[in-house]
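Asks: next comes the sequence, and after it the predicted model I'd like to discuss.
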Amino acid sequence: MSTETRTDGEVPVLELRGLCKSFGGLQATRSVSLRVMPGDRKAIIGPNGAGKTTLFNLITGIYPSSSGQVLVFGNDVTKWESHRRTALGMARTFQVTSLFPKLSVLDNVLLAIKGLRPSKFVMWRFLSSYKDVYEKAYGLLERANFLDRKDVEVRNLSHGEQRQLEIVLGLASDPKILLLDEPAAGLSSGESAEMTKFLNSLDPGLALLLIEHDMDVVFDVADEISVLHFGEILETGTPEQIHNSKRVQEIYLGTG
């Protein structure tokens, strides 16, 4: 099924239509509808238990939805497995790091690239036969200003640098939309500022959809913010509108 286009002819990178998920008697998400266009920077905020990670799991195909639709570039992917969604241009990072700590930064990126290809890495092949993989890895690291740390073992990076490296790995599949699950989790205020700078340096044509508790990161990165409360989108607006919303202050920020 094809999705509606905007008046300028662009098709949403991602569209959610009335997405619902129930676990037994628990309604985790309730008729969530959302559109992400190419280059959008959108954030989903909400208290713990609001259904944010469940929503990401529905979008990426980890959980099947109870009802509703997920569309990627107009393709109904609601029943597709995760790897098929990745092939259409979707990538995701997780709250928990999944790096190889004893390998170098470069090796982690090489493995991420090779893991997406039908041919696997063979130990006894000459490295020169993987020239295209190396070129891509160097390109990703250069664009992320990580090239100077390519030979550093991941365990020797700061926590903030490891979180940034995970995003670099997410870019290995050349996604059109990147879903970021709390990229600033566990970061110090200085590291959060670096993460914000890093996210804002990404390709402006890449759509970002992030879940985040760090409001400084959210307000500095997102152009539009949706507030999730008990599985429903309570309100959507610009950072300024959300910041000034009395409903959001009462329910999410705990003031009022």
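Replies: That came through, no problem.
Asks: how confident was the prediction at the spatially most central residue of the chain?
Replies: Nearest residue to the geometric centre of the chain (Cα atoms, centre = their mean): Leu179, 1.6 Å. According to the prediction, Leu179 has pLDDT 97.
Asks: need the nearest residue in space to it, chain neighbours excluded.
Replies: Distances taken as Cβ to Cβ, 6 or more residues apart in numbering put Arg92 closest to Leu179, at 4.1 Å, once the chain neighbours are dropped. Glycine gets a C-beta too; all of them are placed from N, C-alpha and C.
Asks: outside of whichever strand or helix holds the one you found, which residues touch it?
Replies: Using DSSP states H and E, Arg92 sits in strand 90-93. Defining contact as Cβ atoms under 8 Å, 6 or more residues apart in numbering, one finds that strand 90-93 is touched by 14, 56, 59-60, 72, 166-167, 169-173, 175-181, 183.
Asks: now intersect these with the helices, please.
Replies: Phe56, Ile59, Thr60, Glu166, Ile167, Leu169, Gly170 (DSSP state H).
Asks: what's the fifth one in contact with, if anything?
Replies: Translated: Ile167. Shown in contact with Ile167 (Cβ under 8 Å, 6+ apart): Thr93, Ala144, Leu178, Leu180, Pro183, Phe198, Leu199, Leu202.
Asks: what is the mean pLDDT for the strand holding Arg92?
Replies: If you average the pLDDT over strand 90-93, you get 93.
Asks: in its sheet, what does it sit against?
Replies: According to DSSP bridges, strand 90-93 forms sheet pairs with strand 177-181 (parallel).
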